[in-house]
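K.L.:
Have a look at this prediction, sequence included:
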Protein chains: 2
Amino acid sequence: MVKISTTSDVPDSSTVSIGPATIESVAALAGVSRQTVSNALNAPQRVRPDTLAKVLRVIDEVGYRPNRSARSLRTQASRLIGLQTEAPTGRGSSVLDRFLHALSDAARERDHHVLLFTNAAPDDPALGYETLHRSAAVDGFVLTGTHVHDSRVEFLATHALPFVTFGRSWGDAGSPRWVDVDGAAGTALAVEHLAARGHRRIAFLGWPETSEVGEDRMLGWRRQIAHHQLVEGGLERSSEDPLDAASAMARLLDQDEPPTAVVCASDSVAAGVYRALSERGLRVGDIGVVGFDDSPAASLLTPALTSVSQPIEAVARAVFDILIRAIDGDPISEQDRVLLQPTLTIRDST
Amino acid sequence: MVKISTTSDVPDSSTVSIGPATIESVAALAGVSRQTVSNALNAPQRVRPDTLAKVLRVIDEVGYRPNRSARSLRTQASRLIGLQTEAPTGRGSSVLDRFLHALSDAARERDHHVLLFTNAAPDDPALGYETLHRSAAVDGFVLTGTHVHDSRVEFLATHALPFVTFGRSWGDAGSPRWVDVDGAAGTALAVEHLAARGHRRIAFLGWPETSEVGEDRMLGWRRQIAHHQLVEGGLERSSEDPLDAASAMARLLDQDEPPTAVVCASDSVAAGVYRALSERGLRVGDIGVVGFDDSPAASLLTPALTSVSQPIEAVARAVFDILIRAIDGDPISEQDRVLLQPTLTIRDST
DNA sequence: AATTTGAGTTTGAACGATCAACTCGTCGGG
DNA sequence: CCCGACGAGTTGATCGTTCAAACTCAAATT
């Protein structure tokens, strides 16, 4: 074995780099100090333009990315936001994956990421949140599907942790920061559309009274009926199970004067309406049907279902922006409560 | 201002703890050193039982959780696995949220988490993977919906990064570790079921030939037809668009001898079949229809759709287990390629 | 001419954990 | 009786980054 020595007696560590580049290796290559590399990325205005260019060129050449763990440890911020996934049930799951993608995308633009977690202890829904907070794994939380006296909300509020809910706070001591879609406006749109199609007797097929979201949607229908001096064609309630919804629809049809159209609290409920009509040999379209959520199923049904579309991407963006402000310690303001307007996607069922 | 001194000259830092507990504060409270606390959690057998009990009691009292960033920095392992979310399209999105939840749940049991990210540069699909790797943000990746010559797979394989794909590698140089569902077995089950219901002329409505997944499902149908000496009732291909699928089904019905049942490559395609039958006044059920994926839409359709169910939870668990082994540096083995069997969920469409 | 100012850069310390090496007794074997 | 092995616990070093303070040098001020 022959040892070949180079003209330089300084070991050329740059060419024998093992593992990913670090701030130290970049600094050595650029002939500056650690901190100047750090400044080049985090506070470029502090660095002289020519030095900046030199450093950035090296960063680009070696493909350096700051180690997230090291940065998080020093800055006490993980740049991660936590979101608990629920076991997929009928309701809302179609909306959730769109939301998840949109939230990740919004986070990406600010060099943040979404961390998923699941509920380990059914008897203590707040446990997962507490653990992630204690281990400094996330900077804040996004919650979906909250309800009154939600123990997770109570926990987060008590400990003054940054969080934003998708879904407004209905109770008195709910979430101080939220983004929601105006469900009442959505069902009002549906009534408006059906009225324009000549319907005067319009029913509503909703969820149990215990659902605040369901009651909101119901009230939008009721108000718009009154506003246009139309006729309430009946009000029934059911679960998300299409079979349950079908029998609720059957009750509506059994009235002395059955409705000519029905607005539904969700697409699943609308699917139940399709079934009820089919069983009686009635045709969807003759009886107008409007769903809610514009889930993938809406365009799969025959005829394709007219449905209220939630602006999920806008919701996700607003949720993220608000959460960032909360993490930054900004006091709660008007801007931290956002109500967005839905639109109506018209298909063949009306 | 009067300074009140206590009998102890050692500042009682334990009672004035600011912020979450650290390993140092726990050690002080338990009267042991840092490392003993660390051992109590990571290598309890190294600690004497009575010491262990004492330390664990303090940990429990103050609710100590190791800081993840600090741990990750030292151990060079983030305990995070990366998964890229795609913009929701019809195909597969229904499966994806179940998978996501199941994967998070499998990860939780081993103190890992799922980190979501999105594609920032459409022209360079591997960029997001490279960035996360360079910044040591994740220990490995899970991929879904890969295809032949997938640049992400090529990148990960070239750099020897740990990753597992949901979906086997069809090309020659694909993913070395994967979990998949036996699509051919699924369509074979469908044919089996239809044959038992008395159908002899069974068609297949699939995806374009370019889809390996689609061809696999098609072949299962073809083989089972041959095996039972039934008749191929036609083969058509369409996209996931129900309209497209409906016209493909129309072509099948226009044959001299139309099929009495049809097996579909997906539930969306099956929804198109429903539409085609409805347009001709035919009844689903008289013509048997079987879908694939058992998406939420399957039970929403009228009549409810018989569909091949993928064991998503088992897939997620297998994916995670394999990924952990890959991260641990285990060599590729037989156990790193897993093919799971689907089941048939029988509803009213057959 | 001495002092202040400030931009640009460097150095030491710290974030909170784990690894590696070390200390201190105790016990058993030659 | 000595020595090595072993169990239980401690201390110093380290992971890669950013913060805070210090330094340098030239230009501006007194």
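P.N.:
Okay, I see it.
K.L.:
my read: A:Ser38 touches A:Glu24, true?
P.N.:
No: taking contacts as C-beta atoms under 8 Å, A:Ser38 lies outside contact range of A:Glu24: 10.7 Å. All C-beta spots, glycine's among them, are computed from the backbone N, C-alpha and C.
K.L.:
and these two? which has more neighbours close in?
P.N.:
Between A:Ser38 and A:Glu24, A:Ser38 has the larger neighbour count (other C-beta atoms under 10 Å in any protein chain shown), namely 18 against 12.
K.L.:
any idea which element that one lies in?
P.N.:
According to DSSP states H and E, A:Ser38 maps onto helix A:34-42.
K.L.:
Could you see whether chain B lies near that helix?
P.N.:
No: using C-beta under 8 Å from any C-beta of the partner chain, no contact is recorded between helix A:34-42 and chain B, whose separation bottoms out at 11.8 Å.
K.L.:
what helices or strands is that helix leaning on?
P.N.:
When contacts are defined as 3 or more C-beta pairs under 8 Å, 6 or more residues apart in numbering or on different chains; DSSP states H and E, helix A:34-42 packs onto helix A:23-30, helix A:49-62.
K.L.:
So what touches the shortest one?
P.N.:
Right, helix A:23-30. Contacts to helix A:23-30, defined as C-beta atoms under 8 Å, 6 or more residues apart in numbering or on different chains, come from residues A:13-14, A:17, A:33-34, A:36-38, A:54-55, A:57-59, A:61-62, A:64, A:66.
K.L.:
again, 6 Å this time
P.N.:
Contacting residues not belonging to helix A:23-30 are listed as A:Ser14, A:Ser17, A:Ser33, A:Arg34, A:Val37, A:Lys54, A:Val55, A:Val58, A:Ile59, A:Tyr64 [C-beta atoms under 6 Å, 6 or more residues apart in numbering or on different chains].
K.L.:
ok, A:Leu143 touching A:Gly167?
P.N.:
No: taking contacts as C-beta atoms under 6 Å, A:Leu143 lies outside contact range of A:Gly167: 7.8 Å.
K.L.:
Report the buried residues of the helix holding A:Ser38.
P.N.:
Buried residues in helix A:34-42, counted by 16 or more other C-beta atoms under 10 Å in any protein chain shown: A:Thr36, A:Val37, A:Ser38, A:Asn39, A:Ala40, A:Leu41.
K.L.:
can you list the residues of chain A near DNA strand D?
P.N.:
Taking C-beta under 7 Å from any atom of the strand as the contact definition, chain A meets DNA strand D at A:19, A:22-24, A:34-35, A:37-38, A:41-42, A:64-67, A:70-71, A:73-75.
K.L.:
that's a strand at A:Val263, yeah?
P.N.:
Yes: counting by DSSP: H, G, I helix; E, B strand; the rest coil, A:Val263 falls inside a strand.
K.L.:
contacting residues around it?
P.N.:
A:Thr187, A:Ala190, A:Phe204, A:Trp221, A:Val290.
K.L.:
out of those, which are inside helices?
P.N.:
Applying DSSP state H to these, the entries found in helices are A:Thr187, A:Ala190, A:Trp221.
K.L.:
quick check, nearest of the residues you listed to chain B?
P.N.:
Nearest to chain B among those, counting by C-beta to the nearest C-beta, is A:Ala190 at 18.9 Å.
K.L.:
any idea which element the residue in the stretch 101-250 of chain A that DNA strand D sits nearest to lies in?
P.N.:
Here the stretch 101-250 of chain A gets closest to DNA strand D at one residue, A:Asp111, 10.6 Å apart by C-beta to the nearest atom of the strand. Using DSSP H and E, A:Asp111 maps to neither a helix nor a strand.
K.L.:
Name the nearest residue to it, sequence neighbours excluded.
P.N.:
A:Arg79 (6.1 Å; C-beta to C-beta, 6 or more residues apart in numbering or on different chains).
K.L.:
all strands for chain A, in order.
P.N.:
Ranges of strands within chain A are A:80-84, A:113-117, A:140-144, A:163-166, A:178-181, A:201-206, A:231-237, A:261-264, A:288-292, A:306-309, A:337-340, A:343-345, based on DSSP state E.
K.L.:
quick one: buried residues of the shortest one?
P.N.:
For strand A:343-345, a neighbour-count test (16+ other C-beta under 10 Å) marks A:Leu344, A:Thr345 as buried.
K.L.:
which of the contacts of helix A:23-30 are buried?
P.N.:
A:Val37, A:Lys54, A:Val55, A:Val58, A:Ile59, A:Tyr64.
K.L.:
Next, give me the two most distant ones among those residues.
P.N.:
A:Lys54 and A:Tyr64 (13.5 Å; C-beta to C-beta).
K.L.:
Run through the bridge partners of the residue nearest to A:Thr146 when sequence neighbours are not counted.
P.N.:
In space, and not counting its chain neighbours, A:Thr146 is closest to A:Thr165: 5.0 Å by C-beta to C-beta, 6+ apart. With DSSP bridges as the criterion, A:Thr165 is bridged to A:Leu143, A:Trp178.
K.L.:
is it true that A:Thr165 touches A:Leu143?
P.N.:
Yes: when contacts are counted by C-beta under 6 Å, A:Thr165 is listed as touching A:Leu143 (4.4 Å).
K.L.:
neighbour-wise, which of those two wins?
P.N.:
Shown here are A:Thr165 and A:Leu143; by other C-beta under 10 Å, A:Thr165 has more neighbours (25 against 21).
K.L.:
show me the contacts for the more buried one.
P.N.:
Taking C-beta under 6 Å, 6+ apart as the contact definition, A:Thr165 lies against A:Leu143, A:Thr146, A:Ser175, A:Trp178.
K.L.:
So which of the residues you listed is the closest to DNA strand C?
P.N.:
Nearest to DNA strand C among the contacts of A:Thr165 is A:Leu143, at 25.9 Å by C-beta to the nearest atom of the strand.
K.L.:
Output the set of residues of the stretch 251-350 of chain A in proximity to chain B.
P.N.:
A:Ala271, A:Tyr274, A:Arg275, A:Ser278, A:Ala297, A:Leu300, A:Thr302 (C-beta under 6 Å from any C-beta of the partner chain).
K.L.:
Centroid-nearest residue for chain A?
P.N.:
Nearest to the geometric centre of chain A sits A:Phe99, at 3.6 Å (C-alpha atoms, centre = their mean).
K.L.:
how much space between that residue and B:Ser94?
P.N.:
15 Å (C-beta to C-beta, to the nearest Å).
K.L.:
A:Arg337: how many residues sit nearby?
P.N.:
Neighbourhood size, A:Arg337 [other C-beta under 10 Å]: 17.
K.L.:
my bad, should have said A:Thr158
P.N.:
Look at A:Thr158: counted by other C-beta under 10 Å, it has 9 neighbours.
K.L.:
Repeat that for A:Arg283.
P.N.:
A:Arg283 has 11 neighbours, counted by other C-beta under 10 Å.
K.L.:
Now for it: which residues touch it?
P.N.:
Contacts for A:Arg283 (C-beta under 6 Å, 6+ apart) come out as none.
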